[in-house]
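Undergrad: structure for the following, please:
(chains A and B)
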2 protein chains.
Amino acid sequence: MRLSQFHLGTVKEVPADAEIVSHQLMIRSGMIRKLASGLYTWSPLGLRVLRKVEHIVREEMNRAGAIEMLMPSVQPRELWEETGRWQKFGGQLLKIKDRKEQEFCYGPTHEEVVTDFARNELKSYKQLPINFYQIQTKFRDEIRPRFGVMRAREFLMKDAYSFHLTQESLAQTYEVMYQAYARIFTRLGLTFRAVQADTGAIGGNASHEFQVIAESGEDLLAYSDQSDYAANMEKAEAVAPAIGRPAPSASLQRVDTPRVRTVDDVTRHFGVTADRILKTVLVRGNEGLVALCLRGDHDINEVKASKLPELPDESVLASEEEILAAIGARPGFIGPVGLPDTIPVIVDRSAAVLADFICGGNANDTHYTGANWERDARITRVEDIRQVVVGDPAPDGHGTLQIARGIEVGHVFQLGSKYAEALNATVLDDQGKKQVMLMGCYGIGVSRIVAAAIEQRHDDVGIIWPEAMAPWRAAVCVINPKNSPEVSAAAESLYNELTARGIETVLDDRGLRPGAMFADMELIGIPHRVVVSERGLAAGTLEYRARTDAESSSITRDELFEILG
Amino acid sequence: MRLSQFHLGTVKEVPADAEIVSHQLMIRSGMIRKLASGLYTWSPLGLRVLRKVEHIVREEMNRAGAIEMLMPSVQPRELWEETGRWQKFGGQLLKIKDRKEQEFCYGPTHEEVVTDFARNELKSYKQLPINFYQIQTKFRDEIRPRFGVMRAREFLMKDAYSFHLTQESLAQTYEVMYQAYARIFTRLGLTFRAVQADTGAIGGNASHEFQVIAESGEDLLAYSDQSDYAANMEKAEAVAPAIGRPAPSASLQRVDTPRVRTVDDVTRHFGVTADRILKTVLVRGNEGLVALCLRGDHDINEVKASKLPELPDESVLASEEEILAAIGARPGFIGPVGLPDTIPVIVDRSAAVLADFICGGNANDTHYTGANWERDARITRVEDIRQVVVGDPAPDGHGTLQIARGIEVGHVFQLGSKYAEALNATVLDDQGKKQVMLMGCYGIGVSRIVAAAIEQRHDDVGIIWPEAMAPWRAAVCVINPKNSPEVSAAAESLYNELTARGIETVLDDRGLRPGAMFADMELIGIPHRVVVSERGLAAGTLEYRARTDAESSSITRDELFEILG
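TA: Okay, the predicted model is just below:
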């Protein structure tokens, strides 16, 4: 592509609403332009990158045996009523009335439509397993669209849905999709982790998120430094300590501790580290209060807690009044010693191996020291209810956990029979009996990947594209083309040769001064840059600089071809 | 592709709402499935065809120097208010309110959005001309969606918009787009005509429609049998007869003609052909009645009439009461002889050369014979106001006109400054002065092309794809694969060889009986079919049949490769 015949709209100003670096760089490089809140136009430059991602996703989906189709973006209310999601989906569902007052939505996802397609098209187990996918525009009416295309309202998604007779078949396709996703993100050149994810309210059996690692990521994930283990923080298991609980060696003492309420207060007051302290949190359970006990240096994992049979799906801390009424002490002075029998005491695995610990005295301004489980305090059950921390042993037994931030760009999910049941999507099995199909669903945020890649790969002057995502792999910059026909001809010849070799190249023939030209190429993140100048021509060399190089170097044409493969 | 790993959903039943053959065949072949009124899912088979069209359109747009981008489908009301189209566009505009009660529409077209993009991005005449395009999903809330994807509500469109400083530049890009469109439809293998189209209420200077010729087409078009001339019927010029008006030879006579009202009545009554009769139509003009005079065998062209300065944009016939009040005679007995002076008499070119003609007597139950212009009747102006008919001379002087039906699949349009003016899209010219840009727009109905191709190319048993649009060019059908490992292996080998040669091939390895397999391949329109059977293996031949062949023939592998190039 000759840049003089393209539209490159780099700008200096960044709008105030561009809070994160990918949003800023996509605006500055001119990749996107805002049309309205959460609605972005992809400029020619931006679209080149988006299409690269789309192409790799499509290739790997096809390779994995998925079959592409295309469903409408506008979907009738009736189908969403069948699954109950017309109401349940919430405010993100953009509802539409047509000229005949019929109700539709702009599809945020396609479980309903694809399951309707499948119930009409699939009649026999012989047609299974089958995996349909599409790459298509979706809409979610985010209450606060932000971060550019990272959380836009209209976005490009690859969504796949597989149909099965048996759980084994579902698990098999799930694994195939998992491997396809790993290939996709590897080919894209991104650092990523496949993390175990919580299956949440949607139910289902297994779920992994594919996270692009980036400091600005909204998700926290835990991963092993010595194995493939990785999990969303919500899901990451805190294994039981390898060593058991020591025998008590101290006697229980009640100590006056006026104004010593927080864990920090307690460590200072007693001169101990937080891992010697037991903290007790009272929450509203399904039948009265429940006590959750953790080490002072640990935090509750609310997703894990919500799965305790004693607690509702969304647990709430007990109020100060409730606690005063039940225990006679304020929060900060609660502990397991002498708690009323009606309150279950759920103890975290790490807290359960403490001995001679300090805990609240269940009376204002008092604590116990030398407390011990069983001897002094009752344990209803030991559970994993805490957030993992850096240095925890990995649950697979290999290495210790590290914590990183990530951006979710993909999600694979074993849905089970949820949608097929609601929509009565059945096939006949080999006995001629109707069976509700099992389903998997597999999403990739195609447009979000573009932003996530920039979050992961950028520096002070611009984007650093991995080769597979770059709008062009190489840029040929011409110095003063108008002043020197030789320079101009040499640049043209180099551009033609690179293009003939199948290397996607952009010729910067706009006639800008070198500084402006180089700044643009760095901003838009072209991996390889060569400069054709009079001086270079005289010396028979080209000035080459990889986007990641600190300085340029003089190389020959042949050396350039070697670098670009 | 192995058909056993694909989803082919051919069916026997055709829904009652499938009125035209393309709709019926797309349902029967399983290419599309209806989700709701005017909303269709493209099955894997259908999508393969749609993508072929999309691919050719994209290649030719790129070759023609257009630059691809991607605009949102959801567009804010504010922009549409700037051009006045929020109201004017009418019921086809699908209006949407988001969760914050902001108003949007699902874009039926993108003039507003692209002009907004251009006014922000384009600052200088040096950036012009530029031609942006996208291939994107659009929505038009048709009051009566029908004919499957031919007139669906959600559809795939290629829309391009060019920006210019001068009319010459616009005309140049228009010509480039015209040629690109001609290449696109030629490559697709369709019989088409580029016809001059009326520019309608939208204004602008030039417009061509690209029509795929098909008997079921909704549009009538006139074309020369000896040149490239073609025009929409609305626009096709009826040239003035080469011979002038003969001198009067008969005298004017008033004749009693009770109950002789229609042209047919008059021809029977007087024993003359309709081309000897003058018919006079009174319409409501801007200032009172206007008389339009045509030959008895000709029809008014309403679009041409609407352009007369005496008539409003949508002219309406005068009512019987109005005519009685003004003339004192009923419709059917009106003629130019002795019409009140206040009524302009607009005479069609062909009617203006009549002599000694028959016309209404302006009194009930009377006609004139031997009437002549000037001597007996006043002519205000001679104009082209009729529909062309088969056999009219072509306006370019080459050949005579034929009339065919067509399906509009593309439209190129010189918009001029309409949108740029409304949205104040200006650039600085070489004098540093602000100039409103000129625009062209160029649309192709990508999904509609698929249906139009079927309307043009089908027979009793199914679709006859042109090679460029076929889901696969060749089908390898295996007879009894389970009974004969040799047959199965030979088919696999042939399939692999064809695929390796770059010939898109489908292997029908479903194990159906031959009749059902052949019927499917004919229904879905595969251009080349080969059968691998035990008998053929023994003879060293393949049974080959082109979709357009009446019978199969026995050929060798090498002969097959030759046929498939």
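
Undergrad: alpha carbons only for contacts and neighbour counts from here, please
TA: OK.

Undergrad: how close does residue A:553 sit to chain B?
TA: 33 Å (CA to the nearest CA, to the nearest Å).

Undergrad: who touches that residue in this structure?
TA: Remark: with contacts taken as CA atoms under 8 Å, 6 or more residues apart in numbering or on different chains, residue A:553 is in contact with A:543-545.

Undergrad: hmm, 6 Å instead?
TA: With contacts defined as CA atoms under 6 Å, 6 or more residues apart in numbering or on different chains, residue A:553 is in contact with A:543-544.

Undergrad: what bridges to it?
TA: Beta-bridge pairing of residue A:553, defined through DSSP bridges, involves residue A:544.

Undergrad: for residue A:490, grab phi and psi.
TA: For residue A:490, the backbone dihedrals (degrees, to the nearest 10) come out as phi -60, psi -40.

Undergrad: what's around it, how many residues?
TA: A count of nearby residues for residue A:490, using other CA atoms under 10 Å in any protein chain shown, gives 18.

Undergrad: ok, it to residue A:535 distance?
TA: Residue A:490 is 12 Å from residue A:535, where distance means CA to CA, to the nearest Å.

Undergrad: any low-confidence regions in chain A?
TA: Within chain A, the ranges that satisfy pLDDT under 70 run A:199-205.

Undergrad: what does it put close to chain B?
TA: Residues of chain A found near chain B (CA under 6 Å from any CA of the partner chain) are A:41-44, A:47, A:68-72, A:96.

Undergrad: from these, which two are the most distant?
TA: Greatest spatial distance in the residues of chain A next to chain B: A:44 and A:96, 30.3 Å, computed using CA to CA.

Undergrad: okay, now the domains of chain A?
TA: A:48-237+A:403-454, A:253-383, A:472-564 (the TED database).

Undergrad: next, name the residue at the spatial heart of chain A.
TA: For chain A, the residue sitting closest to the mean C-alpha position, by CA atoms, centre = their mean, is residue A:408 at 1.6 Å.

Undergrad: surely that residue meets residue A:213?
TA: No - look at residue A:408 against residue A:213 with CA atoms under 6 Å: they stay out of range, at 8.9 Å.

Undergrad: next structured bit after the longest strand along chain A?
TA: When every strand of chain A is counted residue by residue (DSSP state E), the longest turns out to be strand A:401-416. Towards the C-terminus, the helix or strand next in line after strand A:401-416, according to DSSP states H and E, is helix A:418-422.

Undergrad: need the contact partners of that following helix.
TA: Outside helix A:418-422, the residues that touch it by CA under 6 Å, 6+ apart are A:83, A:437.

Undergrad: what are the buried residues along that helix?
TA: A:418-421 (16 or more other CA atoms under 10 Å in any protein chain shown).

Undergrad: thinking again about what came up before, only the buried subset of the residues of chain A next to chain B, as a PyMOL command please.
TA: In PyMOL, the members of these classed as buried (16+ other CA under 10 Å) are selected with the following command:
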select buried, chain A and resi 41+42+43+44+47+68+69+70+71+72+96
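
Undergrad: out of the residues of chain A next to chain B, which are inside helices?
TA: Restricting those to those inside helices, with DSSP state H as the criterion, leaves A:44, A:47.

Undergrad: so what's the residue nearest to residue A:230 when sequence neighbours are not counted up against?
TA: Distance criterion CA to CA, 6 or more residues apart in numbering or on different chains; nearest residue to residue A:230, sequence neighbours excluded, is residue A:223 at 4.0 Å. With contact set as CA under 6 Å, 6+ apart, residue A:223 has these partners: A:229-230, A:401-402.

Undergrad: just the buried residues of these.
TA: Restricting the contacts of residue A:223 to buried positions leaves A:229-230, A:401-402, with burial counted as 16+ other CA under 10 Å.

Undergrad: and residue A:15, how many neighbours?
TA: For residue A:15, the count of nearby residues is 11 (other CA under 10 Å).

Undergrad: so which strand or helix has it?
TA: Element membership of residue A:15 [criterion: DSSP H and E] is none; it lies in no helix or strand.

Undergrad: still on that earlier bit, quick one: which of the contacts of residue A:223 is nearest to residue B:386?
TA: Minimum distance to residue B:386 across those is 76.9 Å, recorded for residue A:230 (CA to CA).

Undergrad: hmm, that closest one is touching residue A:197, no?
TA: No - proximity of residue A:230 to residue A:197 does not meet the contact threshold set by CA under 6 Å, at 9.3 Å.

Undergrad: export stretch A:319-335 as PDB, just CAs?
TA: Presented in PDB, the C-alpha positions along stretch A:319-335 are these (Å, rounded to 0.1, in the frame of the first residue of the first chain):
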ATOM      1  CA  SER A 319     -24.600  -5.100  60.400                       C
ATOM      2  CA  GLU A 320     -23.100  -3.800  63.700                       C
ATOM      3  CA  GLU A 321     -26.500  -3.900  65.300                       C
ATOM      4  CA  GLU A 322     -27.100  -7.500  64.300                       C
ATOM      5  CA  ILE A 323     -23.700  -8.400  65.700                       C
ATOM      6  CA  LEU A 324     -24.200  -6.500  69.000                       C
ATOM      7  CA  ALA A 325     -27.600  -8.100  69.400                       C
ATOM      8  CA  ALA A 326     -26.300 -11.600  68.800                       C
ATOM      9  CA  ILE A 327     -22.900 -11.500  70.500                       C
ATOM     10  CA  GLY A 328     -23.000  -8.500  72.700                       C
ATOM     11  CA  ALA A 329     -19.800  -7.100  71.200                       C
ATOM     12  CA  ARG A 330     -18.900  -4.800  68.300                       C
ATOM     13  CA  PRO A 331     -17.300  -6.000  65.100                       C
ATOM     14  CA  GLY A 332     -13.500  -6.200  65.600                       C
ATOM     15  CA  PHE A 333     -13.900  -8.100  68.900                       C
ATOM     16  CA  ILE A 334     -15.500 -11.200  67.500                       C
ATOM     17  CA  GLY A 335     -13.900 -14.600  67.700                       C
END
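
Undergrad: what's in contact with the longest helix along chain A?
TA: Counting residues, the longest helix found in chain A (DSSP H) is helix A:167-188. Judged by CA under 6 Å, 6+ apart, the contacts made with helix A:167-188 from elsewhere in the structure are A:60, A:164, A:468.

Undergrad: show me what contacts the second one?
TA: Read it as residue A:164. The neighbourhood of residue A:164, defined by CA under 6 Å, 6+ apart, consists of A:128-129, A:170, A:437-438.

Undergrad: repeat for the first one
TA: Under the criterion of CA under 6 Å, 6+ apart, the neighbours of residue A:60 are residue A:180.
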